[in-house]
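1. this one's structure only:
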């Protein structure tokens, strides 16, 4: 297995296009947190012609609702949320410049198409490893939607957050490629 690629944010289109499905990465830089309630508010704001509470250009959004921080901690457990909950909103956010997404689980074809159109990348984080992922988070600042609690919009600074490129800017999908390789290796077809 090759060494993880060290990625320094922001995730420019040029940088995004160097990443490929299956790449292990260590992400360092500023990311934003949001889940479905926050995404809904952001898309409603955009529909009204309003600006977002952060600059979406080349931004990476982590689908997470962290638990409260204990004394001496920057943040509580910060494991990924199922990404499909953001599928209705992700293409809109990519259309205004957001490029990276971090979560878990499959994405709808329209999200993959938007990734191809805008040069987006979907990173997978390990579900159930929220305490481990929280150790990569060095700062946490609430920036909007405080009333949403865990789903509020936060700005994080992360250092060497371990992720895997699940879907790249060409639309290559590790979930699909991995399944096909497994079935081929075991002499099985997709059809039953």
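-> Sure, I can see it. For clarity, every value in this text was computed on a predicted model and none was experimentally measured. Residues are numbered from 1 along each chain as shown.
2. if I read this right, residue 78 contacts residue 64, doesn't it?
-> Yes. Residue 78 is in contact with residue 64 according to CB atoms under 8 Å; the separation is 5.2 Å. C-betas here are computed from N, CA, C, even on glycine.
3. Now for those two: what residues contact both?
-> When contacts are counted by CB atoms under 8 Å, 6 or more residues apart in numbering, residue 78 and residue 64 have residue 33 as shared neighbours.
4. contacting residues around the nearest residue to residue 20 once chain neighbours are set aside?
-> Computed as CB to CB, 6 or more residues apart in numbering, the closest residue to residue 20 that is not its neighbour in sequence is residue 168, at 5.1 Å. Residues counted as contacts of residue 168 (CB under 8 Å, 6+ apart) are 16, 19-21, 23, 115, 121.
5. same thing with residue 82?
-> Here residue 82 is in contact with 63, 103-105 (criterion: CB under 8 Å, 6+ apart).
6. try residue 14
-> With CB under 8 Å, 6+ apart as the criterion, no residue contacts residue 14.
7. neighbours of residue 186, just the number please.
-> Using other CB atoms under 10 Å, residue 186 is surrounded by 7 other residues.
8. Let me have the contacts of residue 82 in JSON lines, adding distance to residue 69 as columns.
-> Formatted as JSON lines, the contacts of residue 82 follow (distance: CB to CB, whole Å):
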{"residue": "63", "distance to residue 69": "19"}
{"residue": "103", "distance to residue 69": "21"}
{"residue": "104", "distance to residue 69": "22"}
{"residue": "105", "distance to residue 69": "26"}
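9. Drop the exposed ones from those and show what's left.
-> By neighbour count, with 16 or more other CB atoms under 10 Å, these hold 63, 103-105 as buried.
10. Would you confirm that residue 26 belongs to a helix?
-> No. Secondary structure of residue 26, determined by DSSP: H, G, I helix; E, B strand; the rest coil: strand, with no helix assignment.
11. just to revisit the earlier point, quick check, nearest of the contacts of residue 82 to residue 147?
-> Distances from these to residue 147 were compared by CB to CB; the smallest belongs to residue 63, at 19.1 Å.
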